[in-house]
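>>> A structural model of the following input is requested.
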Amino acid sequence: MTDASPWWRSAAIYQIYPRSYADGNADGVGDIAGIRARLTHLRDLGVDALWISPWYVSPMADAGYDVADYRDIDPLFGTLREAEELIAQAHGLGLRVIVDLVPNHCSDQHPWFRAALAATPGSPERARFHFRPGRGAAGELPPNDWPSHFGGPAWQRVTETDGNPGEWYLHLFAPGQPDFNWDSPEVRTEFESILRFWFDRGVDGFRIDVADNLVKQPGLPDLASIAEGAPSPVSDQDGVHEVYRAWRRIADSYPGERIFVGELWVSDRQRFTRYLRPDELHTGFNFPFLQAEWSADRMRAVIDDTLAGHTPIGAPATWVLSNHDTTRHVTRYGRSDSGYGFDRRRLHGTPVDLPTGTRRARAAALLTMALPGCVYLYQGDELGLWEVEDIPEHLIQDPAFHGTNGADPGRDGCRVPLPWEGDAPPFGFSGPGALGNGKEPWLPQPAAWKEYTVAAQTGDPDSVLELYRRALWLRRAEPGLGDGPMRWLPAGDGVLAFTRPGGLTCVVNFSGSPVEMPGHEAVLLSSAGLDEGRLPPDSTVLLRG
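As a prediction, the model looks like this:
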């Protein structure tokens, strides 16, 4: 990496899920005031930027990913003025700010959609969304066979103003999240205005939700009719590219380097990298790496595949272990089946060996810090938190749980509020008086987290938190880390070893026995104590020389 490289090519970016980061007003839900009060944690951690999950006005049918107003803050989290102050405060601490953008769909409470429901078929109001007549003799069947990611068909039938069953609208997610029609010029103009609104307030970029599915295939064909191997079963890829080219022109009209990060719902690497272009999306989330099981062969295959796809197009790779939609990696790595797909039903509740999961999570964290490109952390990664899988059903809020009648356990287990200090819940998450006012954290925290608070881990050289702090600051201090080349070294079975510029070597031991390390001048950082100079199982080390 050179001084002229854009900041985002090597950045460490920390995801904040606002309702679970910190609660500043003692109502049991995280908010902007809480984020501001705990910003120094991120500065001290050594990250370069924070990414804030949706904070917009929303009925919260899907935890804010159902947006009713893209230009204001939901009162649950604070005010627009507070958001502007947060952005300024973060910049003052040397932290950039990325905010979530949800352009595939909005809330059914959005003024546009309410106007569409009140309008007639074929109206301009309905043209902003995907309204279609149903199939069948009386229009009683959905317009096509697309499924919702939250269960059931991706179509909801409406009752027209005359009281009769009418058209259907598309929702790839919950029924309360109608998909925008990106063939509508009004939709494109509106989101270009939204981008400018937030750029004017100083944000440094956007994380784009469902970034590949904005523009749908013409005619919305049945999945069963689409040829196998087609670029995408849902999206019109050329149309998507056109949208992002227009967005990049807007971003480039502002000073400084602004970033667009795509959440791409594609598993094929060739399709994935087709969305990343120098004049469009800068980067995309690397879900195959997040999903890979803990094995040397699988990890090397994913790393090779990632770099092979990114290098020719000049995009930096991203490395991420967890996020707000996935089972925390401490839990995943502690299972006998340590891989992860997006079907939570298969593994939820199966036995977890937390010591093994924690040891592997430490090693994986150090591995991600050593790989070329940028790294994303999900809040709580730095504390070694695990998935909370015993939340009482009556407290679960995720629509994925309710939309499948509990068949999908949902994502709340990775969204439990963070523990900051103290020996009992709420562990400093909520301000004084929260429990006395009956305002417990919106999801219950495990009592065992008292050993995992920020306060308990600070200063403990063996803690996960101090490992993350040392790794992030080392990554910032070493020019050879971050974006740039890497080269594999010969290694034994169950071991990966590679070099980075500046004489740096990373070794990861996936095997069940200690292994000898290559010759070196110094050990810079190890995820576990060395065993008479050898690297223990499930451990990573960074070496110099």
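>>> residues in contact with the residue lying closest to F285 once chain neighbours are set aside?
Distances taken as CB to CB, 6 or more residues apart in numbering place E263 nearest to F285, at 5.4 Å, with adjacent residues excluded. (Each C-beta comes from the backbone N, C-alpha and C, glycine too.) Contact analysis of E263 by CB atoms under 8 Å, 6 or more residues apart in numbering lists 207-211, 284-285.
>>> quick one, phi/psi of P175?
Main-chain torsions, P175, degrees, to the nearest 10: phi -60, psi -30.
>>> Now do the nearest residue to P409 once chain neighbours are set aside, the pLDDT please.
Spatially, and ignoring its direct neighbours in sequence, P409 is nearest to H348 (4.3 Å; CB to CB, 6+ apart). H348 is assigned a predicted lDDT (pLDDT) of 85.
>>> I73 now?
So I73 comes in at 98 (pLDDT).
>>> Same question for M1.
On pLDDT, M1 comes in at 42.
>>> related to what we said a few turns ago, among the contacts of E263, which one has the most neighbours?
Within the contacts of E263, neighbour counts (other CB atoms under 10 Å) peak at A211, which reaches 27 neighbours.
>>> Can you give me the first-to-last residue distance of stretch 63-82?
Using CA to CA, to the nearest Å, one end of stretch 63-82 lies 20 Å from the other.
>>> re earlier: looking at the contacts of E263, which are in strands?
207-208, 284 (DSSP state E).
>>> What residues of stretch 87-104 count as buried?
87, 90, 95-104 (16 or more other CB atoms under 10 Å).
>>> Can I get that stretch in CSV, CA atoms only?
What follows is stretch 87-104 as a C-alpha-only set of coordinates in CSV (Å, rounded to 0.1, in the frame of the first residue of the first chain):
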residue,chain,number,x,y,z
ILE,A,87,-20.6,12.2,11.9
ALA,A,88,-18.6,15.3,13.0
GLN,A,89,-17.5,13.7,16.2
ALA,A,90,-16.3,10.6,14.4
HIS,A,91,-14.3,12.7,11.9
GLY,A,92,-12.8,14.5,14.8
LEU,A,93,-11.5,11.1,16.2
GLY,A,94,-10.1,10.2,12.8
LEU,A,95,-13.0,7.8,12.0
ARG,A,96,-14.9,7.8,8.7
VAL,A,97,-18.6,7.0,8.6
ILE,A,98,-20.5,4.7,6.3
VAL,A,99,-24.2,4.4,6.5
ASP,A,100,-26.5,1.7,5.3
LEU,A,101,-28.6,2.4,2.2
VAL,A,102,-31.7,0.1,1.5
PRO,A,103,-32.6,0.8,-2.2
ASN,A,104,-34.2,-2.5,-3.1
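>>> Give me the average confidence score over that stretch.
pLDDT averaged over stretch 87-104 gives 98.
>>> tell me how far that stretch is from the chain's mean position?
Its chain's C-alpha centre and that of stretch 87-104 lie 15 Å apart, by CA atoms, centre = their mean, to the nearest Å.
>>> now do stretch 458-467
Chain-centre distance of stretch 458-467: 25 Å, with CA atoms, centre = their mean.
>>> what does it contact?
With contact meaning CB under 8 Å, 6+ apart, stretch 458-467 is reached by 358, 361-362, 365-366, 382-384, 452, 454, 456-457, 525, 527.
>>> rewinding a little: just the buried residues of stretch 87-104: which are in strands?
96-101.
>>> So the residue nearest the centre of the chain versus A315, what's the distance?
Centre of the chain computed as the mean C-alpha position; nearest residue by CA atoms, centre = their mean is N323, 4.4 Å away. Distance, N323 to A315, by CB to CB, to the nearest Å: 19 Å.
>>> which residues does Q397 contact?
By CB under 8 Å, 6+ apart, Q397 lies in contact with 63, 412, 442-443.
>>> do you know how far the residue nearest to F285 is from Q15?
Distance, E263 to Q15, using CB to CB: 11 Å.
>>> next one: A315
Distance of A315 to Q15, given as CB to CB: 20 Å.
>>> Show me which of the ones in strands among the buried residues of stretch 87-104 is closest to W168.
Distance to W168 across these (CB to CB) is lowest for L101, with 26.4 Å.
>>> List the beta-bridge partners for that closest one.
I208 (DSSP bridges).
>>> how much space between it and P446?
Distance of L101 to P446, computed by CB to CB: 33 Å.
>>> With L86 instead?
In terms of CB to CB, L86 sits 29 Å off from P446.
>>> Next, count neighbours for the residue nearest to G529 when sequence neighbours are not counted.
Among residues not flanking G529 along the chain, P536 sits closest, at 7.3 Å (CB to CB, 6+ apart). Look at P536: counted by other CB under 10 Å, it has 19 neighbours.
>>> Same check on the one 4 residues further on?
As a burial measure, T540 scores 26 neighbours (other CB under 10 Å).
>>> returning to that earlier point: is it possible to get the contacts of Q397 out as a markdown table so that each row also shows pLDDT, distance to D27 and neighbour count?
Shown next, in a markdown table, are the contacts of Q397 (pLDDT from 0 to 100; distance: CB to CB, whole Å; neighbours: other CB atoms under 10 Å):
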| residue | pLDDT | distance to D27 | neighbour count |
| --- | --- | --- | --- |
| A63 | 88 | 16 | 20 |
| D412 | 95 | 18 | 22 |
| W442 | 95 | 9 | 21 |
| L443 | 96 | 14 | 20 |
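>>> Which members of the residues you listed are positioned in strands?
Per DSSP E, the contacts of Q397 never map to strands.
>>> Just give me the closest of those residues to E393.
D412 (10.5 Å).
>>> check contacts around that closest one.
By CB under 8 Å, 6+ apart, the neighbours of D412 are 388, 391, 395-398, 401, 443.
>>> one more time with 10 Å
Going by CB atoms under 10 Å, 6 or more residues apart in numbering, D412 touches 20, 63, 324, 387-389, 391, 395-398, 400-401, 442-443.
>>> can you give me the strands for the stretch 151-300 of the chain?
Per DSSP state E, counting those that start in this stretch, the stretch 151-300 of the chain carries strands over the ranges 155-159, 165-170, 205-208, 259-262, 283-284.
>>> looking at these, which has the lowest confidence?
Averaging pLDDT over each of these puts strand 283-284 lowest, since it has a mean of 90.
>>> Just give me how far that one sits from the chain centre.
Distance, centroid of strand 283-284 to centroid of chain: 11 Å (CA atoms, centre = their mean).
>>> partner strands of it, parallel or antiparallel?
strand 259-262 (parallel).
>>> Okay, buried residues for the strand it pairs with please.
Going by neighbour count (16+ other CB under 10 Å), the buried part of strand 259-262 is 259-262.
>>> before we move on, what about stretch 395-408?
Within stretch 395-408, the residues scored as buried using 16+ other CB under 10 Å are 396-403, 408.
>>> what's the offset of it from the middle of its chain?
20 Å.
>>> before we move on, what about stretch 161-178?
Taking CA atoms, centre = their mean, one finds stretch 161-178 lying 28 Å from the centre of the chain it belongs to.
>>> and the end-to-end length of it?
For stretch 161-178, the first-to-last residue distance is 19 Å (CA to CA).
>>> Near D325, how many residues? Count them for me, please.
Neighbours of D325 (other CB under 10 Å): 17.
>>> Report the contact partners of the closest residue to it other than its chain neighbours.
In space, D325 comes closest to R411 once its chain neighbours are excluded; the distance is 5.4 Å by CB to CB, 6+ apart. Going by CB under 10 Å, 6+ apart, R411 touches 62-63, 323-327, 344, 387, 396-401.
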